[in-house]
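*Asks:* my questions are about this predicted structure, shown below with the sequence.
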Amino acid sequence: MRYLPVTDQERKEMLEKIGINSVDELFSPIPEKVLLKNQLNLPTAMSEMELDSLMSELAEMNTGSKMSNFQGGGCYAHYAPAAIDQMLLRSEFYTAYTPYQPEISQGTLQSIFEFQTMISKLMKMDVTNASMYDGATAAAEAVIMASKINGKRKKAVIAGTVHPHYIKTIRTYAANIIEEIEILDIDATTGTIKESELSKIDENTICVLFQYPNYFGSMENVFKISEIAKANKALVIAAVTEMTMLGAMIAPGDFGADIAIGEAQSLGLAPNFGGPGLGTFSAAEKHIRKMPGRLVGKTVDKKGKECFVLTLAAREQHIKREKATSNICSNQGLMTLAVGMYLSIMGKNGLKDVALMNLKRKEYMLNKIVAETKAVKAFSASSYNEFTILLPQNAKQVADKMAEKGILAGISLSKYFPELNNALTVTVTELNSYEEIDSYVKTLAEIIGG
Amino acid sequence: MRYPGIKDLKLAEGSIYDRSKPGRKGYSLPLENLENAENLIPEEMRRKELDLPEVSELDAVRHYTRLSTYNFGLDGGFYPLGSCTMKYNPKINEKVARLKGFTNLHPETPEKYAQGTLKLMYELQNMLAEIGGFAGTTLNPAAGAHGEYTGIGIIKAYHESRKDFKRTKVIIPDSAHGTNPASCAMHGYDVVVLKSNEKGKVCLSALKELLNDEIAAMMLTNPNTLGVFESEICEITKLVHDAGALVYGDGANMNAILGVARPGDMGIDVLHYNLHKTFSTPHGGGGPGSGPVCVVEKLTKFLPNPVVVKNGENYIFNENNESMGMVRSFYGNVGVCLKAYTYIREMGKEHIREIAENAVLNANYIKASLSDIYNVEYPEGTLHETVFDDSKMPNDVTTLDIAKALIDRGYHPPTIYFPLIVHGAIMVEPTENESKDDIDAFIFAMREIYEKSINDPENIKNAPLVTSVSRPDETTAARKPILTQCTTCIS
């Protein structure tokens, strides 16, 4: 076995040094009755070339990976410069551990520090941690953190237009910590939360969490929500699941978010069937000691040389154990490197161009669908690169027919919103060419009528 | 004898913002007239400024390449971090994980167009269950701590399904990872600490005293964080079960018993794996990890949603009403899972046991070779890792000094000051991948550090001497945190 280098002769010498006769003796602390007598029931070992073909076959079975993709919903296909993956393959980065030993981890530490900086700038927030598992867990941890800041209050208010997975994750995390989760109702005209629902934000409200733009692609009235939350001294938590939009549109800091979380998968990471993504977590500086997750800080070494370390560990589980701000231990380390690199290469102009390209293609596609098919725009609110249309028939059935023609048409909302049976949320990015968009509209018209 | 040593090429590298010049571009996008595109955004929503660097592609490549030289990875040398199982990350894993068929697959793709990944996930669920002796698996958790959170959630859902609301506490040994108590607290459980006995193990009579109808579970790492196997495991699990509670197994140390014994057979009810430890996926400088959770039959219905099941010839997602809920978006760090899958398929039933055999042999060899000079507080029954300490060190040389002196000799230091029950702990886990030559060189380095601590202690106390940064001021970093780069400051 190629990963096991100890030879028989060496094994003999090692056993001699230990003072035993066989490796089996080393397992003597394990009770006899639970020692396995037979091999495990696993497939037989494979050589590298066999593995290579097996994995290629499995990859080929994912026919959806080659189809024309207009699905988003929290995971977005964007172009990632080739340089990113080259860098991810530098083993100095990917085979390193969490940077506990700063002297030999400055590469990881500085890249995370720069990631923290770039995400803070992007979100216009004071501080950002070294990342969370994904957007959903970041959202859940944000609500938990808010409950620790607003300790006496009992109710977390969540917009019903937030990604359903995020709401479910928040419910799981909050179950034993927060007394009440109030979900704000959706306005079927605007595709945002109903304005009347904002009256549910009161002096008992811990926080108000909303997504920008929301799960349907619609822009919430972020200023209004923020204003009402602040008037009630509830914390404003903004969730951004499609972070490329921040290249051209205002940031959570612009509308007064106290905590901003994001899913940064859009920024240089492939869809990968939903993971690994990258949760980002930013907050106002005054809250840093209540933040979950790793933080990298700048300091000097014993000779006064500028360097970086993991810091504010006193919040964390390995010091505080059950009194820690969270149980989180790792971050999505390598993904922060990819995102840092994406933001460096795209820079402020590239990210803006990507955002505008997305907007323009969305506008083109939406107009074309409305003009050339029987589908109509579902909601009146403005949007970024994701929008919802109403079809004259069941959206899932239409999407299935589109898929048979090689087009993944979008997300039919019936899965989470039974009342929106005919609604389809469509995402278009810079990866979707105008020809591809035209072909989508043509196929849709054939199915639902033009 | 020689240790690898260290002799670095010291490339100076500032911040990425230092390389920024207005108007410089590193990106390439299709030509498109974007002049009026901004008008599509309502006026009040238009972004006025964005403070990101403006660099060329080469600037970015240079920057990160130079930073990489400040890092020590496992491919660069021996990395004996105890409890972290820094095993080799096979290159074939990296190759296959990058196949477009996997990476381009969107999570909302209808199942029939995602059969390759779903088949892989289904088989991985089953293989992990078989390796641990369990009935069901979730691949959703993104890391070990996330797996703990999930596992404890499953236990909570189980008790609540039986209308047993009285159980509000979880027993955790004092040798446990800090994530154990923190994961329990996130479910609202109180933690009851079980003191280890003089052998560093669970004391049955002490456990008995703590057990009652308010205990929901006991969390146990086996072998424990001392690398010592809890020989009375079957008695422990029986006691816990008799009290109506469940046993949670922290699978951080599964590398020690792969193919040798199975936690499920010992009476463990729930176990999380760390794919980035036991199953060779890279640590990535702190993630992405993956922490699948396996459970016994009666708990399968409480697994987080969704799970992959086989329906005739097809693989589909299944949701259960009694599930503990969702613990993240989508289905887990699938890109990590497929590396672990590749690794298990490469090892197969023939070699999986050899992993544990070699890992345990290596750890015991190091213990036998160093315990004459480095104290081992709990020497009995060491499996895959061994915990030394600094109690016999001359001239007040500490564990931190030893760790830093190892850096000068070309090693990543072991885990230090953990577990907490050993004062000045130095936790060495060699894994199965190291050759005897490499282990001998490490032993030589450790012995030389000891010699030097007698003859030239200042040399050790000032280590590391060869790195460009030495012993950063962590106190000031925490007292006056600087967490973002000031991009407008003149450097």
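*Replies:* Arrived safely, thanks for sending.
*Asks:* for the residue of the stretch 351-450 of chain A found nearest chain B, the count of nearby residues, please.
*Replies:* Of all residues in the stretch 351-450 of chain A, A:Leu356 sits closest to chain B, at 3.9 Å by CB to the nearest CB. Any C-beta I mention is one placed from the backbone N, CA and C, and that applies to glycine too. As a burial measure, A:Leu356 scores 21 neighbours (other CB atoms under 10 Å in any protein chain shown).
*Asks:* again with B:Asn395
*Replies:* Burial of B:Asn395 is recorded as 14 neighbouring residues (other CB under 10 Å).
*Asks:* thinking it is in contact with B:Ser453, fair?
*Replies:* Yes: checked against CB atoms under 8 Å, the pair B:Asn395 and B:Ser453 is within contact range at 5.8 Å.
*Asks:* show me what contacts the residue of the stretch 351-450 of chain A closest to chain B?
*Replies:* A:247-248, B:34, B:37-38 (CB atoms under 8 Å, 6 or more residues apart in numbering or on different chains).
*Asks:* the longest strand belonging to chain B and chain A in contact?
*Replies:* Determined from DSSP state E, the single longest strand within chain B is strand B:215-221. No: contact of strand B:215-221 with chain A (CB under 8 Å from any CB of the partner chain) is absent, the minimum separation being 11.6 Å.
*Asks:* so what strands line up beside that strand?
*Replies:* Strand partners for strand B:215-221, identified by DSSP bridges, are recorded as strand B:169-173 (parallel), strand B:246-250 (parallel).
*Asks:* pick the most buried one from those.
*Replies:* Of all these, strand B:246-250 has the most neighbours on average by mean count of other CB atoms under 10 Å in any protein chain shown, namely a mean of 29.
*Asks:* taking the stretch 201-350 of chain A, what residue is nearest to chain B?
*Replies:* Going by CB to the nearest CB, chain B is nearest to A:Gly274 of the stretch 201-350 of chain A, at 2.7 Å.
*Asks:* follow-up on the earlier one: which residue is the nearest non-sequential neighbour of the residue of the stretch 351-450 of chain A closest to chain B?
*Replies:* Residue nearest to A:Leu356 in three dimensions, not counting chain neighbours: B:Ala37, with 3.9 Å by CB to CB, 6 or more residues apart in numbering or on different chains.
*Asks:* neighbours of the one you found, how many?
*Replies:* B:Ala37: 20 neighbours (other CB under 10 Å).
*Asks:* how about the least confident helix or strand in chain A by mean pLDDT and chain B, any contact?
*Replies:* Ranked by mean pLDDT, DSSP states H and E, the weakest helix or strand in chain A is helix A:317-320, scoring a mean of 84. Yes: judged by CB under 8 Å from any CB, helix A:317-320 and chain B are in contact via A:317-320.
*Asks:* ok now that helix, how far from the chain's centre?
*Replies:* Helix A:317-320 sits 25 Å away from the centroid of its parent chain (CA atoms, centre = their mean, to the nearest Å).
*Asks:* show me what it is packed up against.
*Replies:* Other helices and strands packing on helix A:317-320, by 3 or more CB pairs under 8 Å, 6 or more residues apart in numbering or on different chains; DSSP states H and E, are helix B:179-185.
*Asks:* what's the helix it packs on packed up against?
*Replies:* helix A:317-320, helix B:144-161, strand B:169-173, strand B:190-194, strand B:215-221.
*Asks:* out of these, which gets the lowest mean score?
*Replies:* Among the helices and strands packed on helix B:179-185, helix A:317-320 carries the lowest mean pLDDT, at a mean of 84.
*Asks:* next SSE after the helix or strand hosting B:Ile460?
*Replies:* Assessed by DSSP states H and E, B:Ile460 sits inside helix B:457-461. Heading C-terminal from helix B:457-461, the first helix or strand you meet, by DSSP H and E, is helix B:474-479.
*Asks:* does that next one reach chain A?
*Replies:* Yes: if you take CB under 8 Å from any CB as the test, helix B:474-479 does meet chain A, through B:474, B:476-478.
*Asks:* quick one: which of these is most hemmed in?
*Replies:* Highest neighbour count within these, by other CB under 10 Å: B:Ala477, with 25 neighbours.
*Asks:* look up the pLDDT of that residue for me, please.
*Replies:* At B:Ala477, the pLDDT value in this model is 92.
*Asks:* now the closest residue to B:Leu303 other than its chain neighbours, what are its backbone angles?
*Replies:* Leaving aside its sequence neighbours, B:Leu303 sits nearest to B:Thr138 (CB to CB, 6+ apart; 4.5 Å). Per-residue torsions, B:Thr138: phi -120, psi 140 (degrees, to the nearest 10).
*Asks:* A:Lys374: how many residues sit nearby?
*Replies:* A:Lys374 - counted by other CB under 10 Å - has 17 other residues nearby.
*Asks:* surely it and A:Gly449 touch.
*Replies:* Yes: judged on CB under 8 Å, A:Lys374 makes contact with A:Gly449 at a distance of 4.5 Å.
*Asks:* what touches both of those two?
*Replies:* Common neighbours of A:Lys374 and A:Gly449, counting by CB under 8 Å, 6+ apart, are A:Pro392.
*Asks:* interface residues of the stretch 351-450 of chain A facing chain B?
*Replies:* Residues of the stretch 351-450 of chain A lying near chain B (CB under 8 Å from any CB): A:351-354, A:356-357, A:359-360, A:363, A:382, A:399-400, A:403, A:408, A:411, A:430, A:433.
*Asks:* so of those, which ones are in helices?
*Replies:* Among these, DSSP state H puts A:351-354, A:356-357, A:359-360, A:363, A:399-400, A:403 in helices.
*Asks:* residues in contact with the residue lying closest to B:Tyr341 once chain neighbours are set aside?
*Replies:* Take B:Tyr341 and drop its neighbours on the chain: the residue closest to it by CB to CB, 6+ apart is B:Leu124, 4.7 Å away. By CB under 8 Å, 6+ apart, B:Leu124 lies in contact with B:137, B:139, B:292, B:337-338, B:340-341, B:344.
*Asks:* before we move on, back to that, need the max-distance pair from the ones in helices among the residues of the stretch 351-450 of chain A next to chain B.
*Replies:* A:Lys352 and A:Asp400 (37.0 Å; CB to CB).
*Asks:* more neighbours, the two?
*Replies:* Taking neighbours as other CB under 10 Å, A:Lys352 and A:Asp400 compare with A:Lys352 leading, 22 against 15.
*Asks:* ok, the more buried one to A:Asn385 distance?
*Replies:* Distance of A:Lys352 to A:Asn385, given as CB to CB, to the nearest Å: 14 Å.
*Asks:* circling back to that earlier point, surely the residue nearest to A:Leu356 and A:Lys362 touch.
*Replies:* No: between B:Ala37 and A:Lys362 there is no contact under CB under 8 Å: 10.4 Å.
*Asks:* neighbours around A:Ala231, how many?
*Replies:* Close neighbours of A:Ala231, defined as other CB under 10 Å, add up to 10.
*Asks:* for the stretch 151-300 of chain A, just list every one of the helices.
*Replies:* All helices of the stretch 151-300 of chain A, identified by DSSP state H, counting those that start in this stretch, fall at A:164-174, A:222-231.
*Asks:* comparing those helices, which stretch has the densest surroundings?
*Replies:* Mean neighbour count (mean count of other CB under 10 Å) peaks for helix A:164-174 among the helices of the stretch 151-300 of chain A, with a mean of 24.
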